[in-house]
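>>> Quick one, fold the following:
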Amino acid sequence: MSLTVFLLHMLPVVTAFQTTHRSGIVAPSGIHQYRYQHQLNPSSLTSPSSRSHFNIIPAVLQSTATSTTSPSSPDKQSFNSFNYSSHWYPVIWARDVPLNNPIRVTLFDVDYVLAKVKLPKNNGNGSADDDDDTNNHDDDDKEVFYAMHDSCPHKKVALSEGRITSCGSPNKQYLQCSYHGWSFDGRSGKCVEIPQTVISKRGAIVVDNDDAKISSDATKKKRREDATVVATTQVQGMVWIHPSLTPLEALSLMEEGKLSPPPRIPEVDLPGYRTTVAVRDFPIDWTVLMENIMDPDHGFFAHASSGAATGFDWYSADGEENVMDIEEDFMDGKGWTITSRVNAVDKLGKYNAQMREGDVEKGKDSSSTESTKEPPKLATTTFVAPSLISLGRRQNNTAPSQFITGFWICPVGTGKSRFMSAAISKSPISIPRWLVHMNLNNFLDQDTFLLLGQHRAVLKQEAEGYLQNGDGPNNVRKSTYVYRSPSEKMGARIGQFFDATLSRVPNRKDALLAWYNRSNNDNKLFEAWPPRELILDRYNQHTKICPDSMGLVKNCDKVMRTSSVLGLGLLFVKICSNSLEQKTKRSLANPFSNELPTSLAALKHIAASVRSSLSPIINALIGCLLQHKTFYTCLSIALFSHWLASRVKREFYFKFNEDLHRKDVKYIANNWMDL
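Down below sits the predicted model:
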């Protein structure tokens with residue numbers, strides 16, 4: 001597979017051309033076990049509804065049976081039991097969290113401090129850690145994540161501005177506030193040290209290293225000086241937070257089988273698969289972002305210039321030969337999963353070529369399997385509420401997808417989201433993460449500004465619904481959107497899910513009404529339309545939170561500085577050399593001049609002094625550089641290095657301006673011919 005094709009398939013909702021992989025599936029065991037549902041009807045392989053499928057449904061209680069509801073008779077009451085506070089949420093890739101350096105993450109408009117520390121493996125940490133590779137190395141330490149509300153109980157300053165300290169205790173790591181030095185245990189939130197009380201006669205709070213006592217204290221009533229800690233776990237390289245449980249509560253419930261771990265994408269756990277991850281924050285509501293990811297119709301137009309139109313077309317439906325099949329799983333009210341399947345063949349592209357352009361040969365399906373008499377693959381989209389989406393083309397058996405794209409959407413808050421994605425492929429090569437980010441940021445910029453209009457309209461309608469109907473659900477999307485495409489069968493159902501459940505999202509109503517009151521006047525939004533520079537600010541949305549991209553930007557700065565110094569140095573040496581040569585010629589041409597020999601002698605003296613202080617190797621190098629061809633070659637390399645570094649650096653700052661957008665939309669005619 002070529003580099004170009006692989007990069008294109010790093011983009012959202014685009015899957016790669018791959019050969020069929022027919023190996024068996026082995027489900028992970030333990031508390032992270034997931035059911036792989038396989039249904040196969042050999043007598044009717046041409047119907048999407050009867051083919052085998054490969055789902056990512058989180059494990060539920062052993063005694064809980066899976067309930068599947070067809071779209072023709074949806075159990076609308078099942079949405080009434082969906083509780084956003086009872087789920088795990090992805091907040092950041094584990095690799096992006098610096099060791100021993102607290103950072104801030106946000107979930108449902110609540111700030112949390114997140115810290116990654118290393119502890120001895122035999123030191124119980126009381127967290128709901130999974131069995132990822134990061135915790136299974138043969139060394140003496142393992143990575144542990146702590147999270148708590150980003151507010152010190154003392155004076156309410158941000159704990160994320162603090163540091164990690166052992167408080168003088170070996171094999172211990174505590175989070176210390178940088179304002180007054182209060183320190184907290186990451187497992188229980190217990191305040192283990194207040195420096196000012198250590199020397200006080202009334203000092204009642206000192207370091208307590210007794211793990212059993214800390215665990216027992218966690219079950220007692222929280223003291224005012226204790227921090228509010230929340231459970232964390234790491235699954236498939238992603239850090240998840242449970243906003244309603246402490247680490248010890250989550251660990252206990254998982255051991256008892258009463259709490260399911262976060263959902264997984266099966267291919268990530270299979271041997272031979274490589275994963276490349278990405279991250280970006282958006283000032284777009286997380287519900288709108290999710291709807292965008294699961295909307296295949298937009299790619300044919302919004303991403304026309306990306307070359308990925310065919311990939312989007314595979315996931316669309318035409319309402320005739322290629323009908324979208326929907327399957328839902330309510331998991332007895334403990335969650336909701338919806339999966340769509342449609343034949344992964346050209347639809348809009350085929351029609352455009354044959355009917356609008358009149359080119360029958362060009363309109364032949366690019367993924368046709370008529371020669372082998374095999375049915376086409378199934379373009380499968382799965383949404384595991386509330387945060388995980390996966391897309392991949394699957395064969396007509398139980399084999400996994402050769403390429404799958406995963407999306408973990410963090411509901412940062414009302415009107416905000418964190419986009420995290422992974423390209424998962426059975427490929428022998430790995431592409432540098434920063435290179436994928438350059439390509440992906442260009443891709444994401446193409447439709448993010450378009451989503452702003454949808455974002456504003458939906459939030460306005462939702463806020464007005466709260467004002468009119470109180471806390472109950474309202475038909476925001478039903479009354480705002482106009483569904484007509486056969487590809488929107490899944491999108492319409494997801495809209496029903498959001499309409500029925502968003503009123504129960506923590507802090508959403510208050511934040512939404514606050515935004516509405518600031519931005520609304522006489523039923524019209526008077527909030528100024530934000531500029532592209534703000535909505536598409538790559539540096540603050542991506543570069544600052546991605547160590548790989550930030551490291552590349554810093555390296556580009558170094559290359560630019562070094563090439564500038566080398567270029568100027570070469571020019572200076574060349575100018576001095578030419579000046580010395582010219583003075584020598586003038587001196588020889590005018591032997592009666594008294595001044596030139598004096599200055600020439602001075603220059604020769606300085607040059608002799610400099611050269612005598614340099615090693616023979618450096619002298620030889622300078623002589624070589626001063627040669628005509630060598631000089632211009634080195635100067636060209638310095639200039640090219642500076643130009644290339646500046647171009648690469650530019651990819652991590654605002655780039656997609658109005659001019660680029662206008663050039664971009666002209667490519668639509670290449671996919672959908674103007675008549």
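>>> low-scoring stretches of the stretch 51-200 of the chain, by residue?
Low-confidence segments of the stretch 51-200 of the chain, defined by pLDDT under 70: 51-77, 122-140, 168, 170, 199-200.
>>> er, the chain actually
In the chain, residues with pLDDT under 70: 1-77, 122-140, 168, 170, 199-220, 356-373, 396-399, 521-526, 577-628, 675.
>>> any idea which helix or strand comes after the host helix or strand of Pro411?
Using DSSP states H and E, Pro411 sits in strand 403-413. Where DSSP H and E defines the elements, the next helix or strand beyond strand 403-413 is strand 416-425.
>>> and the nearest residue to Arg224 once chain neighbours are set aside, what is it in contact with?
Counting by Cβ to Cβ, 6 or more residues apart in numbering, Pro153 is the residue found nearest to Arg224 once chain neighbours are left out, at 6.2 Å. The way it works is simple: take the backbone N, C-alpha and C, and place the C-beta from them, glycine included. If you count contacts by Cβ atoms under 8 Å, 6 or more residues apart in numbering, Pro153 has them with 182, 191, 224-227.
>>> what does Val458 give?
Contacts of Val458 (Cβ under 8 Å, 6+ apart): 285, 287-288, 476-477, 480.
>>> repeat that for 10 Å
Neighbouring residues of Val458 by Cβ atoms under 10 Å, 6 or more residues apart in numbering: 285, 287-288, 291, 415, 451, 476-477, 480-481, 495, 498, 502.
>>> Look up which residues are beta-bridged to Glu328.
Thr69, Ile338 (DSSP bridges).
>>> And for it, the neighbour number?
20 (other Cβ atoms under 10 Å).
>>> And it, how far from Leu391?
For Glu328, the distance to Leu391 equals 17 Å [Cβ to Cβ, to the nearest Å].
>>> ok, back up a step: ok, the contacts of Pro153 vs Thr380, which is closest?
Ranked by distance to Thr380 (Cβ to Cβ), those are led by Ala227 at 42.8 Å.
>>> what about the closest one, which SS state?
coil (DSSP: H, G, I helix; E, B strand; the rest coil).
>>> go on, the one 4 residues further on?
For Ala231, the reduced secondary structure class is strand; criterion used: three-state DSSP.
>>> what pairs with the strand holding Pro411, and is each one parallel or antiparallel?
strand 388-394 (antiparallel), strand 416-425 (antiparallel).
>>> now for the helix or strand in which Ala115 is found, which elements pack on it?
For Ala115, the element it lies in under DSSP H and E is strand 110-120. With contacts defined as 3 or more Cβ pairs under 10 Å, 6 or more residues apart in numbering; DSSP states H and E, strand 110-120 has these neighbours: strand 89-93, strand 103-107, strand 141-149, strand 163-165, strand 174-176, strand 229-235, strand 238-242, strand 403-413.
>>> Run the angle between that strand and strand 89-93 for me.
With axes from the mean of the first three to the mean of the last three Cα atoms, to 10 degrees defining the directions, strand 110-120 sits at 60 degrees from strand 89-93.
>>> Show me what counts as buried in strand 110-120.
110-117, 119 (16 or more other Cβ atoms under 10 Å).
>>> try stretch 462-477
In terms of neighbour count (16+ other Cβ under 10 Å), stretch 462-477 has its buried residues at 462-466, 473-474, 476-477.
>>> and Ala514, how many neighbours?
12.
>>> oh, I was asking about Ala528
7.
>>> In contact with it, which residues?
With contacts defined as Cβ under 10 Å, 6+ apart, Ala528 is in contact with Ser519.
>>> Tell me if I am right that it is in a helix.
No. Ala528: not assigned to a helix; according to three-state DSSP it is coil.
>>> what about it, distance to Arg456?
Ala528 is 11 Å from Arg456, by Cβ to Cβ.
>>> shared neighbours, those two?
With Cβ under 10 Å, 6+ apart, Ala528 and Arg456 have common neighbours Ser519.
>>> So Ala500 is in contact with Tyr84, correct?
No. Ala500 lies out of contact with Tyr84 (Cβ atoms under 10 Å); the separation is 12.0 Å.
>>> Helices along the stretch 301-450 of the chain, start to end?
Applying DSSP state H, counting those that start in this stretch to the stretch 301-450 of the chain gives helices spanning 309-314, 348-351, 433-469.
>>> Of those, which is nearest Tyr667?
When these are ranked by proximity to Tyr667 (Cβ to Cβ), helix 309-314 comes first, at 9.2 Å.
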